[in-house]
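Trainee: build me a model from this:
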Amino acid sequence: MMVSDIVPGLAFQDTVFLDGGTLTVRHESHGENAGSRLELHAEIDGPRAEELAADLAGLDEVLAADLAGLIALVESEHAPR
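Mentor: Presented below is the predicted three-dimensional model:
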């Protein structure tokens, strides 16, 4: 995996090189009123993109705990001071 883009205070993007494709995930945080909005955008490219997407379809459940931790971190950084 490599970090393929950084926008300080707003976003980062990582790319994972897989056998037959790449998985790129962009993580963005946006402060909103009394909280935050976190967006994740994922894209799979390459000759095996469809097969890899099917293999990775169950990741939602696996990543739920990580996402909750990331949301807590983002909210603490956007909290009023």
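
Trainee: who are the contact partners of the nearest residue to residue 41 once chain neighbours are set aside?
Mentor: Of all residues not flanking residue 41 in the chain, residue 26 sits nearest, at 4.6 Å (CB to CB, 6 or more residues apart in numbering). No exception for glycine: its C-beta is placed from N, CA and C like everyone else's. With contacts defined as CB atoms under 8 Å, 6 or more residues apart in numbering, residue 26 is in contact with 5, 11, 12, 13, 39, 40, 41, 42.

Trainee: after the helix or strand hosting the third one, next one along is what?
Mentor: Put plainly, it is residue 12. Taking DSSP states H and E as the criterion, residue 12 maps to strand 11-18. Following strand 11-18 in sequence order, the next helix or strand is strand 21-32 (DSSP H and E).

Trainee: now that next one: average pLDDT?
Mentor: When pLDDT is averaged along strand 21-32, the result is 88.

Trainee: can I have the helix or strand of the chain with the lowest mean pLDDT written out in CSV, keeping just the CAs?
Mentor: When the helices and strands of the chain are scored by mean pLDDT, DSSP states H and E, helix 59-78 comes last with a mean of 73. As requested, the backbone C-alpha atoms of helix 59-78 are provided in CSV (Å, rounded to 0.1, in the frame of the first residue of the first chain):
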residue,chain,number,x,y,z
LEU,A,59,-15.2,-5.8,3.6
ASP,A,60,-18.0,-3.5,4.8
GLU,A,61,-18.4,-5.5,8.0
VAL,A,62,-14.7,-5.9,8.6
LEU,A,63,-14.1,-2.1,8.2
ALA,A,64,-17.0,-1.0,10.4
ALA,A,65,-14.9,-0.9,13.6
ASP,A,66,-12.0,1.0,11.9
LEU,A,67,-14.5,3.5,10.5
ALA,A,68,-16.0,4.1,13.9
GLY,A,69,-12.6,4.8,15.3
LEU,A,70,-11.7,7.2,12.5
ILE,A,71,-15.0,9.1,12.9
ALA,A,72,-14.2,9.6,16.6
LEU,A,73,-10.8,10.9,15.8
VAL,A,74,-12.1,13.3,13.1
GLU,A,75,-14.8,14.6,15.4
SER,A,76,-12.4,15.2,18.2
GLU,A,77,-10.2,17.3,15.8
HIS,A,78,-13.2,19.3,14.6
